[in-house]
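Q: I'd like to go over a predicted model; first the sequence, then the structure.
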Amino acid sequence: MIETPALVDQYCHGVLRTELGLGTFETYLGRTPAPPASGTTFFDTQTGFAVRRWCPPLLGLEPHCPPARYLARRRELGVLETGRRLLRGSGISTYLVDTGLPGDLTGPVEIAAAGDAQAREIVRLELLAEQVADTSGTVDGFLANLAEAVHSAAGSAVAFTSVAGVRHGLALAPHPPGPGEVRGAVGRWLAGRRAGAALTDPVVLRHLLWAAVASGLPLQLQAGTAGPGLRIDRTDPVLLTDFAAATAGLGTDLVLLHGYPYHRHAAHLASVFPHVYADLGPALAHTGARAAAVLAEILELAPFGKLLFSSGARGLPELHVVGARLFREALGRVLGGWVGDGAWSRADAERVAAMVAAGNARRVYGLPEDPSDGGGHR
Amino acid sequence: MIETPALVDQYCHGVLRTELGLGTFETYLGRTPAPPASGTTFFDTQTGFAVRRWCPPLLGLEPHCPPARYLARRRELGVLETGRRLLRGSGISTYLVDTGLPGDLTGPVEIAAAGDAQAREIVRLELLAEQVADTSGTVDGFLANLAEAVHSAAGSAVAFTSVAGVRHGLALAPHPPGPGEVRGAVGRWLAGRRAGAALTDPVVLRHLLWAAVASGLPLQLQAGTAGPGLRIDRTDPVLLTDFAAATAGLGTDLVLLHGYPYHRHAAHLASVFPHVYADLGPALAHTGARAAAVLAEILELAPFGKLLFSSGARGLPELHVVGARLFREALGRVLGGWVGDGAWSRADAERVAAMVAAGNARRVYGLPEDPSDGGGHR
Amino acid sequence: MIETPALVDQYCHGVLRTELGLGTFETYLGRTPAPPASGTTFFDTQTGFAVRRWCPPLLGLEPHCPPARYLARRRELGVLETGRRLLRGSGISTYLVDTGLPGDLTGPVEIAAAGDAQAREIVRLELLAEQVADTSGTVDGFLANLAEAVHSAAGSAVAFTSVAGVRHGLALAPHPPGPGEVRGAVGRWLAGRRAGAALTDPVVLRHLLWAAVASGLPLQLQAGTAGPGLRIDRTDPVLLTDFAAATAGLGTDLVLLHGYPYHRHAAHLASVFPHVYADLGPALAHTGARAAAVLAEILELAPFGKLLFSSGARGLPELHVVGARLFREALGRVLGGWVGDGAWSRADAERVAAMVAAGNARRVYGLPEDPSDGGGHR
């Protein structure tokens, strides 16, 4: 087996603070807000099976026990103790937490305490803009307050993240919008907000991306993921090629989140642009028993110094566990297989495992070194 | 090994009634009406090798025997006896038969008799429309007769199927065309028919799709397959996203047929839309020794209650055998591997095998239960 | 293990004539002219690891030795002796060499001598046009000289190759441009050349493709590969569907080079068009330890008589070695696995291995037979 150090989870969310029934728990296993089809359940998915494999033992149950028994044990322990046991059993030592989701989710401080780990904040650009809009009366006020908010966030957060791909698709014009264009779009958006319109305007979304690029903090871009309302090919990371070309050499790194089923495209971009990185996260957590196969596909083109682990977990600490355990097992299996074949040396495999598990993320996000991380070499 | 019950083949065609020479037999192994390139043969394909693996033993020959010897044995037995032996050796207990292909092919009654199995009809919308057009003198007459024909078919058939994707590509406007638009398009199509024009008009094709949706019967949509005359990306199931959104909640299920090489996209749609299902058929039959690998890719995102086996076979009973045997072996290997790794429990694996082999199809198409089918659970 | 005959490398370039330092060597392992990201190295890629696996033993070192030790040994032997040892250890007996790259690279005669092998020239259309333009004063002169140059090249070269996909993307109009259109485009291009403009005009590029088609020589088309300046989906071979349809039946074969990550699309085209072939080359060399998995994906749809090995190597003889060794090992592993499962017979597997390693290329390019090549059969 290949040794892997404690993980840096470069993208996740907090966990729910409330006790969960079977139905609510199940909705977090699906990929859509819609209920499962009649006669089916989201427990019958790779994610559902992976939760039943990895989590029951951390709560003192047999792997693969029925969902109802697992949920009963969860209620018996209580939400706080369940979260502590699961997060501490995940093998993650640092959580980078996107705090931009609605809902009663724990923040970085609580996750760090529950998981006996480090945690840092990732700021979601679209939420930041909506918060600024709530307190800004005019276009000028909004733009000035936004610049201030981005500057301030850059001083404390570890990265910005954008859901422009999910809001509008990734086929955005690659260059910064001009000042007049931005003022017009912001004005229309602020006026529409009073009627409840979400932020989907491509000019405002691009203005946010370029504000983040100017901050120098790594910018995470959601790609290759879409609910029922958006064609998934509109989130193909290949659509970011021109944006990557436009931001090359500016000193800001881009991190392509998720990627699946276009993860080979994300790996391609990471191989041709020095400042582009690719995520190994939800692609593995959603594919469960197939995690090793999907990981191996990402490892085809991507330079090994350009890949970053994440769990992509949201709401349930079970998803942090599943993301981390699937990743660690998949990495061990894939790299161990190559060592067994003689294709890789064991020393190289352990070095690469340390890089993608933690070392690359520590370098990209400027996190303090960890003694268990072997890092890159020349 | 994972036990799999008798199969429901949710999409296939009949078999040829005539004796076949080597050349005619070979054309059914290719994916195009064109002859093979000089110096090559369609026997040298995954489908050809799979036929030579699985079928000779059912006719008393060695696996992998030369094509000429196999064809000689086939002629010796005669087309009827060959069909009986092959279909009865396939492991399929229910055939859903698309009767809309031209050529001298057996229908559901004959297949049921030859295969000692159940069989039901799938009605192809485009052929139904062409048949109605043959006996309708006017636009009004056509539209009234079509409504009647769809209603009548819905009373006896088990599903509708559409080749709109192959005729026009799947980039169809997602909403029902307006009455005036339909009348205009039908008029132009009926006029053109006298000159031999095929039904490729997107408005008429959409009218057929919505007539089927209104019937409540499951609607099968061909995707991810194209001959030399159409770019295969124009049949990417992702192009059906907006149609799936427009038909959500109406009570009619959509079944994405084939899918390969976009089968991960089909699985994605099945995971985000409760009424969308994905097929496991020709993707396996065309890829032969790779069937387990392709099946595993489909099993990444798709909920296990949303996948349906089919053979997609056409013309040769050998193709029903190959589709069924490849599927059963691939399913056993993939799920058995996950059980061996501890990723899945054996009980879950056998339950999922029963669902995708037969149980899901029985539920979606309202077929009578079969004692060997374990079904889903909660 | 499956026996594979000596290889025909159907697409490669020459090797550098100069001694190489560590940094220059490393740039040939990357997929972009840009330097690697800070803290990373192109040695930490599948290509880098494959070079360290296969090449040190050919120079008397341990596999996986550190890059600096390997480069030191390389300098000790000298560039000529290193090239001889590597090329002779590659298992390639015939090199088809694209001579159209800039830089101080060896040509077919030198490669043949260094590798103790046969070598033939592939003529790159865009370079041929640029050379003709250098010596043509007028549009009429250019067109006449180009026709003469294509005719002359067809008499000596073994194939034409085009980088139209990399220059402009593959979404080119499929039919030959009209004479007036060509004259206008050539005139604008010749005028622009004086200002240093590269040949990217789609009309001129199409004129070159059709001049090659008219010659009857096989035409190789680069697909599925792109540097940072081009969206990789603009090189998806599916974009060549209409061009393939337009050239069907004309007697000229099309060979889709590379393909990855769209190699399944290339295999699809090879399965529906008799005159279309698919390459097995850089897709394997770039994916290293994953070569068997990628090869297996290509072997899904493509008829076995339509696949051709290449190394795609450029600059470093190490890349010829890596391409050939990865291919041979991947082929043995994939086909051997299918024989072990009983899916294929051993005789079929060895016949297919001989076809894709050499026999198909000998047939397509009209190369003399080799006693070790089993060829196709009926």
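A: Arrived safely. A quick note: this is a predicted structure, and the numbers were derived from the prediction, not measured. Numbers count the residues shown, from 1 in each chain, chains lettered A, B, ... in the order given.

Q: ok, now which ones touch residue A:333?
A: By CB atoms under 8 Å, 6 or more residues apart in numbering or on different chains, residue A:333 lies in contact with residue A:292. Yep, even glycine has a C-beta here, placed from its N, CA and C like the rest.

Q: what helix or strand is it on?
A: Secondary structure from DSSP states H and E places residue A:333 in helix A:317-341.

Q: and the next element down the chain from that helix?
A: Assigned by DSSP H and E, the successor of helix A:317-341 is helix A:346-354.

Q: mean confidence score for that next one?
A: Averaging pLDDT along helix A:346-354 gives 98.

Q: Ok, stretch A:247-260 next?
A: Stretch A:247-260 comes out with an average pLDDT of 96.

Q: The helix holding residue A:333 to helix A:346-354, inter-axis angle?
A: 160 degrees (axes from the mean of the first three to the mean of the last three CA atoms, to 10 degrees).

Q: Distance of the closest residue to chain C within the stretch 251-378 of chain A relative to chain B?
A: Among all residues of the stretch 251-378 of chain A, residue A:305 sits closest to chain C, at 3.1 Å; criterion: CB to the nearest CB. Residue A:305 sits 27 Å away from chain B when distances are taken as CB to the nearest CB, to the nearest Å.

Q: Just the strands from the stretch 201-350 of chain A, written as ranges.
A: A:219-223, A:254-258, A:276-279, A:307-308 (DSSP state E, counting those that start in this stretch).

Q: Quick one: check the first one for contact with chain B.
A: No - under the criterion of CB under 8 Å from any CB of the partner chain, strand A:219-223 makes no contact with chain B; the nearest approach is 13.8 Å.

Q: Run me through the strand neighbours of that strand, direction for each.
A: strand A:159-162 (parallel), strand A:254-258 (parallel) (DSSP bridges).

Q: can you check the third one too?
A: When pairing is defined by DSSP bridges, strand A:276-279 lines up against strand A:254-258 (parallel), strand A:307-308 (parallel).

Q: Return the distance of it from the chain's centre.
A: The chain centre lies 11 Å from the centre of strand A:276-279; the measure is CA atoms, centre = their mean, to the nearest Å.

Q: How about the first one?
A: For strand A:219-223, the distance between its averaged C-alpha position and the chain's averaged C-alpha position is 8 Å (CA atoms, centre = their mean).

Q: Contacts for that strand, please.
A: By CB under 8 Å, 6+ apart, the surrounding residues in contact with strand A:219-223 are A:11, A:122, A:159-166, A:170, A:209, A:212-213, A:235-237, A:240, A:252-259, A:262, A:266, A:279.

Q: In PDB, list the C-alpha atoms belonging to it.
A: Extracted C-alpha coordinates of strand A:219-223, given in PDB (Å, rounded to 0.1, in the frame of the first residue of the first chain):
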ATOM      1  CA  LEU A 219      -9.800  31.500  -7.700                       C
ATOM      2  CA  GLN A 220     -11.800  28.300  -7.700                       C
ATOM      3  CA  LEU A 221     -14.300  27.800 -10.600                       C
ATOM      4  CA  GLN A 222     -17.100  25.300 -10.500                       C
ATOM      5  CA  ALA A 223     -17.100  23.200 -13.600                       C
END
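
Q: can you list the residues of the stretch 201-350 of chain A near chain C?
A: A:236, A:238-239, A:241-242, A:244-245, A:248, A:264-265, A:268, A:271-275, A:296-297, A:299-301, A:303-306, A:338, A:341-345, A:347-348.

Q: PyMOL command to pick out the buried ones of those?
A: Filtering these down to the buried ones (16 or more other CB atoms under 10 Å in any protein chain shown) takes a single PyMOL command:
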select buried, chain A and resi 236+238+239+241+242+244+245+248+264+265+268+271+272+273+274+275+296+297+299+300+301+303+304+305+306+338+343+344+345+348
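
Q: rewinding a little: out of the strands paired with strand A:219-223, nearest to residue A:39?
A: Of all the strands paired with strand A:219-223, strand A:254-258 sits nearest to residue A:39, with 29.3 Å by CB to CB.

Q: Which residues of the stretch 201-350 of chain A lie near chain B?
A: Near chain B, when you scan the stretch 201-350 of chain A using CB under 8 Å from any CB, you find A:226-233, A:261, A:286-290, A:293-294.

Q: which residues does the residue of the stretch 101-250 of chain A found nearest chain C contact?
A: Nearest residue of the stretch 101-250 of chain A to chain C: residue A:241, at 4.4 Å (CB to the nearest CB). Residue A:241 makes contact with A:269, C:228, C:230-232, according to CB under 8 Å, 6+ apart.

Q: One more: residue A:47?
A: If you count contacts by CB under 8 Å, 6+ apart, residue A:47 has them with A:29, A:285-286, A:288, A:319, A:322.

Q: same deal with residue A:194?
A: Residues counted as contacts of residue A:194 (CB under 8 Å, 6+ apart): none.

Q: Just read off the phi/psi values of it.
A: Backbone torsions of residue A:194, given as degrees, to the nearest 10, read phi -60, psi -30.

Q: same check, this time on the one 3 residues further on
A: Per-residue torsions, residue A:197: phi -70, psi 140 (degrees, to the nearest 10).

Q: related to what we said a few turns ago, and the helix holding residue A:333, which residues are buried?
A: Applying a neighbour-count criterion of 16+ other CB under 10 Å, the buried positions in helix A:317-341 are A:317-339.

Q: which of the strands of the stretch 201-350 of chain A sits most buried?
A: Compared across the strands of the stretch 201-350 of chain A, strand A:276-279 shows the largest average neighbour count, a mean of 29 (mean count of other CB atoms under 10 Å in any protein chain shown).

Q: Just give the closest residue to residue A:247, not the sequence neighbours.
A: Excluding its sequence neighbours, the residue lying closest to residue A:247 (CB to CB, 6 or more residues apart in numbering or on different chains) is residue A:213, at 5.5 Å.

Q: Let me know whether residue A:42 touches residue A:34 as I believe.
A: No - look at residue A:42 against residue A:34 with CB atoms under 8 Å: they stay out of range, at 10.3 Å.

Q: Settle it for me: which of those two has more neighbours?
A: residue A:42 (21 against 16; other CB atoms under 10 Å in any protein chain shown).

Q: what about that one, which SS state?
A: Following DSSP: H, G, I helix; E, B strand; the rest coil, the label given to residue A:42 is coil.

Q: Can you tell me how far it is from residue B:271?
A: 9 Å (CB to CB, to the nearest Å).

Q: And residue A:135, by the same measure?
A: Residue A:135 sits 39 Å away from residue B:271, going by CB to CB.

Q: would you list the strands paired with strand A:219-223 in JSON lines and tack on distance to residue C:114?
A: What follows is the strands paired with strand A:219-223, written out as JSON lines (distance: least, CB to CB, whole Å):
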{"stretch": "strand A:159-162", "distance to residue C:114": "50"}
{"stretch": "strand A:254-258", "distance to residue C:114": "42"}
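
Q: can you tell me which of these comes nearest to residue A:21?
A: Per CB to CB, nearest to residue A:21 of the strands paired with strand A:219-223: strand A:254-258, 28.5 Å.

Q: what's that closest one in contact with?
A: When contacts are defined by CB under 8 Å, 6+ apart, strand A:254-258 is touched by residues A:10-11, A:159, A:161, A:218-225, A:237, A:240, A:243-244, A:247, A:266, A:269-270, A:273, A:275-279, A:281-283, A:308, A:310, A:312, A:364.

Q: could I get the helix or strand bottoming out on mean pLDDT in chain A in CSV with only the CA atoms?
A: Using mean pLDDT, DSSP states H and E, helix A:282-285 stands out as the lowest-scoring helix or strand of chain A, at a mean of 88. C-alpha atoms of helix A:282-285 as CSV (Å, rounded to 0.1, in the frame of the first residue of the first chain):
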residue,chain,number,x,y,z
PRO,A,282,-16.8,15.4,-6.0
ALA,A,283,-15.8,13.4,-9.1
LEU,A,284,-14.8,10.7,-6.7
ALA,A,285,-17.4,11.1,-4.0
